[in-house]
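>>> the following block contains a protein sequence and its predicted model.
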Amino acid sequence: MKWTRRRIENTIILAVCAAFLIFFNLKNGKDSAGGKGFRVITSTTPAMIEEMAYAIKNDRYAAITAWSPHWMNAELPIKYLKDPEKVFGEAENVHTIVRKGFDKDYPELAKFFRQFKWKTTDLDSLSLICYESDGDYGKGAREWLKRNPELQAAFLKGVRPQPGAKIKMVDIGFHNELATNAMLKILLEEHLKCEVSNVSTTIPIAFEALANGTQDVMVTVWLPNYHKNEFARIRDRVVDLGVNLPGAMMRIAVPEYAPVETIADLKKYRNEFEGKIIGNEPGQGILLLAEKAIEVYGLAGEDK
């Protein structure tokens, strides 16, 4: 096995994540086991996924904050718990948003982005291939396009090249977004003869950049809930080219074999799940929703 810089970095990250989990579980395991309710434990996305993978490998139970699309859905046999109280909201749709004037400046590219439509399972597979490519998004995206010629044809159908066009794509730097933009960049540069640049930044800056025209396109805007506030502030200064991916969602996930179907069912299996819902990085909105779900579904118990 060739130890590339990326592989070494990933190994270090996994080692740190594993150490974090061991430390956290040793520090908090006794308190968690002695309580009567559930609580959300923050960690990192890789550590959270690793914890679920470990549980499945050993036929144990685990509950995590999960979302779709993500490569974890293609890699792990998990299911999303039903949320009848809609704490996590309805299913989200991912929209393509462009600056005003984009469709007039680049009519062929506007057509391309309007017919860029796929499913969560498509992005799950692209995300997984890019993850398995040691972070080489270009390599992973090219392999995915090779495996999905029908989608590539659908994206490009009837679109004429627009040589000389310089497109600025913006994202928030999440794995799914980097994988998506890497794939689109290949199609835009090699088939439509454009020059493409990608910029990763924060949510407020990304939305304002679209509104003031310093960036052209963002294909990862979750509506109606996740990016609701940010989009509301710029709605009148941008153009929504429509939904490119329907049915995205955030929720609590468990192994497929776990005998629970709804979030409320977790209450009956508190000991099996060790009273823990393992989350991702601190400060993420999904963690706040998980905390709210514990309250709404009466999972808090009466910890001493």
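Received it, and whenever you're ready, just let me know what you need.
>>> for the chain, which strand is longest?
strand 238-255 (DSSP state E).
>>> buried residues of it, list them for me.
Buried residues in strand 238-255, counted by 16 or more other C-beta atoms under 10 Å: 238, 241, 243-245, 248-255. Glycine gets a C-beta too; all of them are placed from N, C-alpha and C.
>>> helices or strands next to it in the packing?
Strand 238-255 is packed against helix 45-57, strand 64-68, strand 78-80, strand 92-99, helix 102-105, helix 107-114, helix 120-132, helix 285-296, with contacts defined by 3 or more C-beta pairs under 8 Å, 6 or more residues apart in numbering; DSSP states H and E.
>>> swap the cut-off to 6 Å and go again
strand 64-68, strand 78-80, strand 92-99 (3 or more C-beta pairs under 6 Å, 6 or more residues apart in numbering; DSSP states H and E).
>>> partner strands of that strand and their direction?
Counting by DSSP bridges, the strands paired with strand 238-255 are strand 64-68 (antiparallel), strand 78-80 (antiparallel), strand 92-99 (antiparallel).
>>> point out where the stretch 201-304 of the chain drops to low pLDDT.
For the stretch 201-304 of the chain, the stretches with pLDDT under 70 are 302-304.
>>> pull the number of nearby residues for Glu92.
Using other C-beta atoms under 10 Å, Glu92 is surrounded by 24 other residues.
>>> now what about the longest strand of the chain, what contacts it?
56, 63-64, 66-68, 78, 80-81, 83, 88, 91-98, 100, 113-114, 116-118, 120, 210-211, 219, 263, 286 (C-beta atoms under 6 Å, 6 or more residues apart in numbering).
>>> quick check: ChimeraX command selecting the buried ones in those residues.
Those of the contacts of strand 238-255 that count as buried under 16+ other C-beta under 10 Å are selected in ChimeraX with:
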select :56,63,64,66,67,68,78,80,81,83,88,92,93,94,95,96,97,98,113,116,117,118,120,210,211,219,263,286
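>>> contacting residues for Glu281?
Thr44.
>>> roughly how far apart are it and Thr45?
Here Glu281 is placed at a distance of 7 Å from Thr45 (C-beta to C-beta, to the nearest Å).
>>> likewise Leu76?
From Leu76 to Thr45 the distance is 13 Å (C-beta to C-beta).
>>> Asn280 now?
Asn280 is 5 Å from Thr45, by C-beta to C-beta.
>>> same check, this time on Leu223
On the measure of C-beta to C-beta, Leu223 and Thr45 end up 23 Å apart.
>>> check Ala211 too.
Here the criterion is C-beta to C-beta. By it, Ala211 lies 29 Å from Thr45.
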